[in-house]
Each structure stands twice: as C-alpha cells, then as structure tokens.
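# Sequence first, predicted model second:
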Amino acid sequence: MQQLTVFMDIESSRSYIDELYSSDSGKLVEALVTLKNSVIGSNRQKSSVIQQGVVPRLLQLMSDDTLDPNIRLEATITIGSLAKGTAENVTSLVEQGTATALVELLKTVPVDTKLAEAGLCALRSVFLHPPAPISALPADMRLLTRLTQIAREGSPNSRACVVRILSIWCGGAREQEALCAAGACAALAQALAPGPTRSDAPPPARALPALDLLAAMCFENANVSQVALNTRHGDKTIPELLTALVSRDKPLPVAMGAARCLTFIHRAGALPADDNRVVFGALPCLARLCTKEIPEDIRASAAETLAYLAEVDTSLQRLAAISNHLMSSLADIVNCPSAAAKQGAFKCFASLGANDEDIRKRIIETHGLMVHIVNGMNNPEPSVRLAAVRCLHSLSRSVQQLRTTFQDHAVWRPLMQLLSESPGTELLTVGSSTLCNLLLEFSPAKEPMLDQGAVEMLCNLTKRPEAALRLNGIWALMNMAFQAEQKVKQRILCCLGTEQMFRLLGDSDTRVIMKTLGLLRNLLSTRQHIDAIMSEYCSQVMQAVIVVLEGSYPAEVKEQALCILGNIGDGEKAKDLIMANEDVLRKLVDYLAHPESKLQEAALFVAGNLVWRGEAGAAARQARLAELGVLRALKLLRARQDAAHLHDKVKTALAQFNEFT
Amino acid sequence: MSLNNSAQNNANDVYDKEDRRISRTDMNMLIMNYLVTEGFKEAALKFQQEAGLQEPALCSSLDERIMIREAVQSGRIPEAIAMVNALHPELLDNDRYLYFHLQQLQLLELIRAGRAEEALAFASATLAEAGANDSNALTELERSLALLAFPDPHASPFADLLLPSHSQKIASELNAAILKMENQEYTNPKLCSLLRMILWSQSELDKHNIKYPKMTDLANATIEQPK
C-alpha cells in the first residue's frame, strides 16, 4: 500500500490520478482512497482536482454497477467531499452532471447500503449550495416513494440527508402535493416523535431538517396542512408533536422550527386562530425567541415568523402585542446589524399594527422607532427597505399619526425618493398604498409631496399592467383631489389626460373604475371648480358619465356616475350642459324609476340640484324637466311604498316645481 | 437544612446523611460511562468483570475510536486522518478547525523530529490555507512555527504544544466530534459534567458572598471550611 500522507500537493498527486484509470481494481481503490484523503478538509485540493478533470471519471466509477462496490463507494465519497468545497466547485460539479448522476444512483442502489448513504450525503452537499439543482430531481412518484421510504427506514444519517434534500427541493404546490402523496407526512411525524424512552426529545440533527421540510410542505397549502393535522405517530398528531417541541427545555433552533410549522399550518387554514396550539404553543414561543438573550439569527426568524402568524388576525395581534415585552424586544432587533433581523422586526411591527389603533400608538411610542423606519428606507439592502415601507404602511392607517409623528419625521421624503428610483413591483405596491394614506385630505404631507412630483408619478402608476398598481395610483390621485385647490385639480387632469381616464373607465378591475369615478367626483366639487373644469373638459366628462350609465356596470359604479352628474348639476353654468343633453335627462327619468334604491337616491340628488328654485333659469329648467317626464317620475317615486325613506327628499324636489303641481 | 446551620457543622456530618447516600451502582455506572466515552475499552471490560456489572453498552465505533486515539497520541497523524475519513467521511470537511488541529499536530511532529525545512514546506503547502480563512488558526499556526526559532523547542515559551497533554487534548476533541456525528447524547463523560456543575455552583455561591464548605482541589476532593 502506498504510504499515507497528508502532504500531497498537485505535483505529487500526478501518479495516483493516473492510477484512477487503472484496470487493476486493487490499484484503483488505493488511488481513490488517496485522492479522497487528499481532498477532505482542503478547498485548495478540491479545486485542483476538479481542474484536473477527474470528475467525469469519478462519476463513471460511481455509476457503473458492474464494478466492485468498494470502488463505487470511494468514488461517491470523493464526489461528496468535492461538493463541500467552494461555490465554484459545486457549480462546476453540477455542470458536469453530478446531481443527475447521484439521483440516478439513488434510483437503483439498495436503500440500506453504505453506497446509498454516501450518495445521499453527496447530493445533500450539492443541494445545500444555492441555487440547488432542483430540476435534477424530478417529481417522479416512484423515486419520491423510494426517498420517503429512506426517510422512514434508512440509517439516521441517510434519513437526515434525504429530509434535508427534500426540504430544499420542495418549493411549490406541485412538489408539496407530490411529497404528500408519497407519504412524507408519516415519515416526518416519525422524525419528530420522541425517542424510545418517551422522555427523549428527538435529536436536533434529526428534528431540524424534518421541521424545515414540514414547513416547506405546509406553506400556503391547505390540503397538505390538513393531512399534516391528521397524521399520527403513535397516539400523537403532528401538531401535538410540534407543541411538545416549542417548550423552553428544547434547543432554540428546534423550538423555532416547530413554532414556524405551527404558524404555517395555521395560515394555511388547518388550525384556527384560537386553537390552543397556536395561542399557547406557537405565539408565546416566538415572542420568547425575540427576546434579548437569544442569538440574532434566531431572533430574526422569530420576528419574521411572528409577523406572518399575526398578519391578518386581530386577536393574535392583540395577544402578541402584550406578550413577553415583545414591543421592546422588536425595537431592539431593529438595532441589530444584520439585514435579516431588521427586516424581521419591521415586518412584525407592520403585522401587529395592521388593524388596531391602540397597538399602532404603542408602536409609534416605542423609543426612536420612526427614526429607524426612515433609516430603514435608506438601507442599502432592498429587503430592509421593503420591510420598512411595509411598517410605515401599517402605521399610516392611523389618522393621528399622519398628522403628528409622520409630519415630524417627514417620512414622505424618503418614501417619494424610493418610489422615484424605479423600485420593484412589490415595493411599488406597498409604497403607493402608503402614499394613498399620506395623501388623505387631512395629511399635512400633501403639499410637499406635490412639489416632489407626486402627481406625475401617480399618473404613471395608472398605466402599469399590474391591477394593484393602477388601483393604488388612481386611488392616491382621488385622495389627492379631495378638497384640493383648483391648481392641484388642474394639474391632475392635465397630467392624467382624458384619454387615460377613459381607458381607466374600461379597466378590467371594477375597483379601478370606482376610484376613477371617485376622482372625477372629487375634481368636480365646489361650484367654482365645477364651472372652471367643465368649461374646459365638458364634452369628455359628459361622455364618460354616459359611457358608464349606458354600459353594463355594477350598480355601485353607476351610482358614482350619477353622483358626478349631481355635482355637475350644482355648478352654475355647468347645469346648462346637462340640460342641453337630452340623452342624459332621459337616463335620469329611467334611474328615478330604477328598482335599485341607491340609484333612485342618486338620480334624485341630480334632479334636486337641477330644479332648485331661486337660481338663474330655474323656471326654464323646471319646464324642460317636466316636459321630459322628470316631474312625473318624481310623483311616481313619492307614491312608491318601497321608497319611503326618500319621501322627504322627493317632497323637497317637488316643492320646487310649485308652478306645475 | 439552611446554609447557615451547615456552616457550623463538621463537613462529614453534612455530607454523610442517610438520605444523601449514593448507591454503588450509580458510582460504577459513572465510572463505566467515563471509560466507555473516552475509549478505554480494555479497562472498561476489566472493570466490568471486577465490579460484576452487566456487559457495558459499547457503541459500534469504540474499536475505531480507540485506534484513532492511539494514532493521534503517538503522532501517526496521516493514519489517524485516513481512519477518520473511512469512519465518517464528512466529519473533517464539516469541521475544518478540527482538521487544522490534526494537521498542526503533524507539523509539530516534524518540528519535534528537527525536520525544520520539511515543517516549513508542509506549513506553507497545507496549513496556510486554514490560516488564511480563520484568524484563530492563524494565531495557533504562528505559535507552532515560532518553535522553530528556538534551538531547543522544549525550552521555548511555546513548549506546551509539544507536551503529550496537547495531543491528548486534540484526541479528545476528535473523539467528541466522532461521538457527536453518531448522535450520541453525551459527547463528554458524565463525570466531567458533574465536576463542572460543582465549579459552577461554587462560583454562583461566591458571587453572592455566601459562606460554605468549598471544594478547593477537584482531584483529591479536598473541602475547606469557610473562614
């Protein structure tokens, strides 16, 4: 046997590299063992061996089932060691077909052999380097059944490998369903169960990959979560096994993983928000893992997971807000250096403040948080910027904050800055939602934001292909136009353009149409503005209203259009525009008799504005309206029992017609 | 019994109460655990015979671990590494610091044998990689190479590296890593944990300025009365 040495540089390795091609199996094994011992522990040696082009030969030796099992084993172990090198090493291995060859090996080799274990170890090392070669492992039922069989019956090391590989592989609904069908839930229940003596917790090396796979399988998947809910090992279901793992005596990463699984199962709809395993299991565990004594990486994932747990349910938000000093723990996490920690804390604050004004107030009062949010929006890491904006968005639902803290910290400035730097769709969506809130009428931020070019930016948003962005754009414009000065309204109209407005009235999303009409309505308010705007845009506005009244829109959209008409009818000169349009007047008669009560009421509002006595030309208008049947329609409306709640208004309108009644 | 009372009593009175009697079986189990965990197989089997115990639960890798320990302590490092790689191929790739420690032993063997040039070549060819990636490793590498600067390394300030206790320490480190790889619950002997617990308890008591009979010498279990 060749003398063993760890001192093996590239030059001295020539001879045994040659021996790798020997037909003498004894020499071949010897060369493989020498090669293996030279690469284990040294990235330099791994790189040099890969550069020498040995990988294809190793893969060939590994895959040839006519060879001595020892040769195949040593070749596989060497491949496995190479896969523990640098990212470039792994990329090179994958390019040479290593992942596919390992999967092929696993399809044929008996599951309880050392060769299978070495193959799994190597594949795990390859998968641990992102991006994992997901496509090398097809969602083939026979293969997956085999792999889940190893996860149940293999050696401890093989089980851990297989579960880790699958946890990285499982990235979508297709993989989730396939694994579930292959019986992965039962294997996971077994991996999470205590040892034979009952008091033994599952060792972390077994539990951690299993928790990751379970989380990956249950994420946003109602079906798989339901299966997990009902899968048992012994007398315990998976949620019960998880509840045992969130307790204080378990290692922190295990408790973290178990709390994440419970969170995902809850959010997928399999466990209700008031279930004990959520309320007394996952939630307090996550709040505890956010506290100061815990290592930063765990705190970061705890905060992020808690954000997801409490994202929608108000009772969980209230409960979390009073748990274990969570607010001050989170404020402390914001100060941690890592992007993951900051991001987790901002997201968690955003979730906690989503619905409850009291919680928002407490968040704002958390020492120095606004400064951190503003800093977060300027963070070089995109994920931190996004999370900071999410937090700001949640807090911007508070009217009081809009008027005080937000103004003090001029939060609109970094926000506008972010939105004008061509951000990603997600940031743009959250950011423009925040902008909507900042632009509410009472928000003092409105003026400076206009100067920053907010109108132009929002008009551009209405042209985006994403419905959510069009909605936010037009919504924000609507808020901006509410009780605004005339120059602001002119600027909006001029910048948006009537063509774009018509396009938005034909939008596939009804909410966009509603907000577009809402914008028109806000633009056409107060008598002075109505006349000024109508003198310029008369025909387009009337056309827009007619389009909606004649089209097949839902009742609430038509109601908006009638309200616009009512606003126009309040203008001094603008009244004549309606009076001159016989089509519109006939529509008015129709809507006064419409079965839908809110449309009757809206039509009544229009009629009331037109017939108002004491304004110039009232008599002529009344005569014309009587002639077209408006008077008769009003009388009919008064007679209708189902319109009793409108009778006062109808009477007022009819009283204007004194010459005719 | 409160601490104040106990301080006035004789130490033997306090510790030899009926309810504190420790069974012989427990003692034997602790000793057996020490022998098995640390890989003293023959001693363990002898002890089993003499103490009349059940067959000790020797874990599967005990023979290998004994051979690996012997190889490390007698300076046959490449052989030890090859055995570790055969037993757990992923271990030294996962724990590069441990791998560095084994290579450092190899370097120290060359220095001990007075093969200075080979030592330098070996250090630059293999150990430099670990030194470049890990500042702890770099410091230790510098200490090891500093031995070369002395005509008699054994008389240098870094002579501790050449003592058998250093290679024993690395051998135990390696042994614990192997046990951990095999998912053994305790990678350290339970006796170690007990002694550590005594030290911890005493330091907690010291922190609170409490007077108590203190164990001042672990090896002889000497207990001193409070002054």
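Happy to help now that I have it.

# Now do the buried residues in stretch A:621-628.
A:Arg621, A:Gln622, A:Arg624, A:Leu625, A:Ala626, A:Leu628 (16 or more other Cβ atoms under 10 Å in any protein chain shown). No exception for glycine: its C-beta is placed from N, CA and C like everyone else's.

# Report the distance from it to the chain centre.
For stretch A:621-628, the gap between its own C-alpha mean and the chain's C-alpha mean amounts to 56 Å (Cα atoms, centre = their mean, to the nearest Å).

# residue closest to the middle of the chain?
I'll assume chain A. A:Glu426 (8.0 Å; Cα atoms, centre = their mean).

# Chain B, not that one
Using Cα atoms, centre = their mean, the residue of chain B that lies closest to the mean C-alpha position is B:Ser172, 4.4 Å off.

# Low-confidence stretches in the chain?
If you meant another chain, say so; for now it's chain A. Judged by pLDDT under 70, chain A has its weakly predicted residues at A:1-14, A:195-200, A:367, A:441-443, A:643, A:658-661.

# wait, chain B
Under the criterion pLDDT under 70, the flagged ranges of chain B are B:1-20, B:55-60, B:183-187.

# and it, which of its residues are near chain A?
Listed as neighbours of chain A in chain B under the rule Cβ under 8 Å from any Cβ of the partner chain: B:77-79, B:81-82, B:85, B:89-90, B:92-94, B:96, B:99, B:103, B:106, B:121-122, B:125-126, B:129, B:183, B:185.

# Return a ChimeraX selection command for the buried portion of those.
The following ChimeraX line selects those of those that are buried, judged by 16+ other Cβ under 10 Å:
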select /B:77,78,79,81,82,85,89,90,92,93,96,99,103,106,122,125,126,129
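
# Just the ones of the residues of chain B next to chain A in helices?
Counting by DSSP state H, the members of these that fall within helices are B:77-79, B:81-82, B:85, B:92-94, B:96, B:99, B:103, B:106, B:121-122, B:129.

# Which pair of the residues you listed spans the longest distance?
Pairwise distances across those (Cβ to Cβ) peak at 27.6 Å, for the pair B:Asn94 and B:Ala121.

# got the residue ranges for the strands in the chain?
Unless you meant another one, I'm taking chain A. Here chain A has its strands, by DSSP state E, at A:232-233, A:236-237.

# that's the wrong chain, I wanted chain B
Assigned by DSSP E, the strands in chain B fall at B:214-217, B:222-224.

# chain center to the first one: distance?
A distance of 21 Å separates the centroid of the chain from that of strand B:214-217, by Cα atoms, centre = their mean.

# Repeat that for stretch A:120-137.
Taking Cα atoms, centre = their mean, the mean C-alpha location of stretch A:120-137 is offset from the chain mean by 27 Å.

# Next, the distance between the ends of that stretch.
One end of stretch A:120-137 sits 12 Å from the other (Cα to Cα, to the nearest Å).

# Any part of it near chain B?
Yes. Part of stretch A:120-137 sits near chain B under the criterion Cβ under 8 Å from any Cβ, namely A:Cys121, A:Ser125.

# just stretch A:52-72 next, same as before
No. Contact between stretch A:52-72 and chain B is absent, the nearest approach being 11.1 Å (criterion: Cβ under 8 Å from any Cβ).

# just to revisit the earlier point, the residue nearest to the centre of chain A against A:Arg385, yeah?
No. In this structure, A:Glu426 is not within contact of A:Arg385 by Cβ atoms under 8 Å, at 10.6 Å.

# ranges for the helices of chain B?
With DSSP H, the ranges of helices along chain B come out as B:3-8, B:11-15, B:24-37, B:41-51, B:62-73, B:77-87, B:91-94, B:96-112, B:116-122, B:128-133, B:135-146, B:164-181, B:190-207.

# now these in TSV, with distance to A:Glu293?
Listed next are these as TSV, based on distance: least, Cβ to Cβ, whole Å:
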stretch	distance to A:Glu293
helix B:3-8	29
helix B:11-15	35
helix B:24-37	31
helix B:41-51	40
helix B:62-73	36
helix B:77-87	36
helix B:91-94	28
helix B:96-112	26
helix B:116-122	44
helix B:128-133	30
helix B:135-146	25
helix B:164-181	25
helix B:190-207	18
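
# For A:Thr98, find the nearest of the ones you listed.
Distances from A:Thr98 to each of the helices of chain B were compared using Cβ to Cβ; the shortest belongs to helix B:91-94, at 15.9 Å.

# What lies in contact with that closest one?
Residues outside helix B:91-94 that contact it (Cβ atoms under 8 Å, 6 or more residues apart in numbering or on different chains): A:40-41, A:81, A:84, B:81, B:84-85, B:98-99, B:102, B:177-178, B:181.

# List buried residues within the residues you listed.
Buried by 16+ other Cβ under 10 Å: A:40-41, A:81, A:84, B:81, B:84-85, B:98-99, B:102, B:177-178, B:181, out of the contacts of helix B:91-94.

# Out of the residues you listed, flag the one nearest to A:Pro595.
Lowest distance from A:Pro595 to those (Cβ to Cβ) belongs to A:Lys84, with 74.1 Å.

# So the closest one is in contact with A:Ala122, correct?
No. Using Cβ under 8 Å, A:Lys84 is not in contact with A:Ala122; the gap is 9.1 Å.

# just to revisit the earlier point, count of residues packed around the closest residue to the residue nearest to the centre of chain A other than its chain neighbours?
Excluding the flanking residues, the one nearest A:Glu426 by Cβ to Cβ, 6 or more residues apart in numbering or on different chains is A:Leu386, at 6.2 Å. Burial measure for A:Leu386: 24 neighbouring residues, criterion other Cβ atoms under 10 Å in any protein chain shown.

# show me what contacts A:Leu386?
Under the criterion of Cβ under 8 Å, 6+ apart, the neighbours of A:Leu386 are A:Gln343, A:Gly424, A:Glu426, A:Leu427, A:Val430.

# Kindly recompute the last result at 10 Å.
For A:Leu386, the contact set (Cβ atoms under 10 Å, 6 or more residues apart in numbering or on different chains) comprises A:343, A:346-347, A:376-377, A:379, A:418, A:423-424, A:426-427, A:429-431.

# Can you tell me which of those residues are buried?
With neighbours counted using 16+ other Cβ under 10 Å, these contain these buried positions: A:Gln343, A:Phe346, A:Lys347, A:Gly376, A:Met377, A:Asn379, A:Leu418, A:Pro423, A:Leu427, A:Thr429, A:Val430, A:Gly431.

# Restricted to helices, list the residues you listed.
Among the buried ones among the contacts of A:Leu386, the subset assigned to helices under DSSP H consists of A:Gln343, A:Phe346, A:Lys347, A:Gly376, A:Met377, A:Leu418, A:Leu427, A:Thr429, A:Val430, A:Gly431.

# Quick one: closest of the helices of chain B to A:Val557.
Counting by Cβ to Cβ, A:Val557 lies closest to helix B:91-94 out of the helices of chain B; the figure is 63.7 Å.

# May I have the closest one as PDB, with CA atoms only?
Extracted in PDB, the C-alpha atoms of helix B:91-94 (Å, rounded to 0.1, in the frame of the first residue of the first chain):
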ATOM      1  CA  LEU B  91     -16.500  14.900   9.600                       C
ATOM      2  CA  LEU B  92     -13.300  16.700   8.700                       C
ATOM      3  CA  ASP B  93     -14.900  18.500   5.800                       C
ATOM      4  CA  ASN B  94     -17.600  19.900   8.100                       C
END
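
# now the closest residue to A:Leu330 other than its chain neighbours: how far from chain B?
Ranked by Cβ to Cβ, 6+ apart and with sequence neighbours excluded, the top spatial neighbour of A:Leu330 is A:Ala345, at 4.7 Å. In this structure, A:Ala345 and chain B are separated by 30 Å, where distance is defined by Cβ to the nearest Cβ, to the nearest Å.
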